[in-house]
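# When you get a sec, could you give me coordinates for this:
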Amino acid sequence: MELFKNIFFNTDKLIGNTDIKLTYAGKLFQDGVQSVLVHYGYGENWDYAGDIQMEKTELGYQANIYVQQCDTLNFCFK
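A predicted model of the protein is given here:
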């Protein structure tokens with residue numbers, strides 16, 4: 001499922017207590033940046049925030065994220 005331009009999930013619906021694969025093929029990928037992290041957290045205050053080193057593939061940078069039981073998943077790339 002394409003969430004925003006160049007950001008994809010491997011599922012159509014995010015379900016708590018499951019793993020998802022996040023693919024990012026945006027500006028950092030297009031510019032050939034060698035290393036990208038996804039910074040993520042849950043809820044309004046980005047609770048349980050963490051960083052994951054993304055793997056560069058032909059499709060873009062990819063990472064598996066465990067989605068906790070929550071209302072929102074927030075993320076950005078650095």
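# part of a helix, is Gln69?
No: according to DSSP: H, G, I helix; E, B strand; the rest coil, Gln69 belongs to no helix; its state is coil.
# Tell me the pLDDT of the most centrally placed residue in the chain.
When CA atoms, centre = their mean is applied to the chain, the residue found nearest the centroid is Leu22 (4.3 Å). Leu22 is assigned 96 on the pLDDT scale.
# Please tell me the pLDDT value assigned to Asn45.
On the pLDDT scale, Asn45 gets 94.
# same thing with Lys5?
For Lys5, the pLDDT comes out at 88.
# thinking again about what came up before, looking at it, the residue nearest to the centre of the chain is touching Phe75, isn't it?
Yes: contact criterion CB atoms under 8 Å: Leu22 and Phe75 qualify, at 7.3 Å. In short, each C-beta sits where N, CA and C put it, glycine included.
# intersection of neighbour lists for the two?
Counting by CB atoms under 8 Å, 6 or more residues apart in numbering, the common neighbours of Leu22 and Phe75 are Val38, Ile65.
# Take stretch 29-41, keep the C-alpha atoms, and write them as PDB.
Output in PDB follows, covering the C-alpha atoms of stretch 29-41 (Å, rounded to 0.1, in the frame of the first residue of the first chain):
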ATOM      1  CA  PHE A  29      17.000   7.200  -1.900                       C
ATOM      2  CA  GLN A  30      16.800   9.200  -5.200                       C
ATOM      3  CA  ASP A  31      19.800  11.300  -4.200                       C
ATOM      4  CA  GLY A  32      21.900   8.200  -3.500                       C
ATOM      5  CA  VAL A  33      22.400   8.700   0.200                       C
ATOM      6  CA  GLN A  34      24.300   5.600   1.500                       C
ATOM      7  CA  SER A  35      22.600   5.300   4.900                       C
ATOM      8  CA  VAL A  36      19.100   6.000   6.100                       C
ATOM      9  CA  LEU A  37      17.400   5.500   9.500                       C
ATOM     10  CA  VAL A  38      13.700   5.400  10.200                       C
ATOM     11  CA  HIS A  39      12.800   7.200  13.400                       C
ATOM     12  CA  TYR A  40       9.500   6.100  14.800                       C
ATOM     13  CA  GLY A  41       7.200   6.300  17.800                       C
END
